[in-house]
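Engineer: sequence and computational prediction follow.
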Amino acid sequence: MEKNAVNWFEIPVSDMARAKSFYSKVFDKDLQDMPNPNMEMAAFPWTQGAEFAAGALIKSEQASPSAEGSTVYFSCEDLSNELSRVEASGGKILYPKSSIGEHGFIAQVLDTEGNKIGLHSAN
């Protein structure tokens with residue numbers, strides 16, 4: 001069976017409660033605390049064997065939030081829904097919904113921690 005290159009991602013945060021609130025509101029999903037002796041972790045919902053990568057928010061001395069570097073794109077049914085909740089949840093829209101041709105639409109936002117993330121949808 002072929003696999004995609006990415007199977008896990010971590011988004012650094014400074015304030016876990018604030019970050020969990022932002023991501024839960026924007027994506028309308030509950031994040032689950034994950035026990036880890038070295039850091040605080042809260043995982044996005046995942047289904048074993050489902051498409052796409054899973055990941056978590058992490059609070060660790062080894063990682064700092066940043067708008068520079070890699071950008072994680074979250075899959076959405078229609079990213080307009082998630083985008084409409086960004087600013088009310090404490091984030092900022094950096095790049096509004098824009099067409100990428102036959103590949104759908106993307107947008108980029110800044111979360112409450114200072115991380116740049118992307119949104120992607122076919123619609």
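Structural biologist: Received it, and whenever you're ready, just let me know what you need. These numbers come from a predicted model, not from an experiment.
Engineer: who's in contact with Tyr73?
Structural biologist: 106, 117-120 (CB atoms under 8 Å, 6 or more residues apart in numbering). (C-beta placed from N, C-alpha, C; glycine too.)
Engineer: is it in a bridge, and if so with what?
Structural biologist: Gly118 (DSSP bridges).
Engineer: what's the distance between it and Ala17?
Structural biologist: Remark: distance between Tyr73 and Ala17 (CB to CB, to the nearest Å) = 25 Å.
Engineer: same thing with Ile11?
Structural biologist: 15 Å.
Engineer: which of those two has more neighbours?
Structural biologist: Ile11 (19 against 11; other CB atoms under 10 Å).
Engineer: what pairs with the strand or helix carrying that one, and is each one parallel or antiparallel?
Structural biologist: In this structure, Ile11 sits in strand 8-12 according to DSSP states H and E. With DSSP bridges as the test, strand 8-12 is paired with strand 54-59 (parallel).
Engineer: buried stuff in the strand it pairs with?
Structural biologist: For strand 54-59, the neighbour count (16 or more other CB atoms under 10 Å) marks 55-59 as buried.
Engineer: likewise stretch 17-35?
Structural biologist: 19-20, 22-23, 25-27, 31.
Engineer: try stretch 116-123
Structural biologist: So stretch 116-123, judged by 16+ other CB under 10 Å, has buried residues 116-117, 119, 121.
Engineer: the longest strand in this structure is where?
Structural biologist: Using DSSP state E to define each element, the chain has its longest strand at strand 92-99.
Engineer: for the protein, which segments count as helices?
Structural biologist: Assignment of helices within the chain using DSSP state H yields the ranges 16-27, 79-86.
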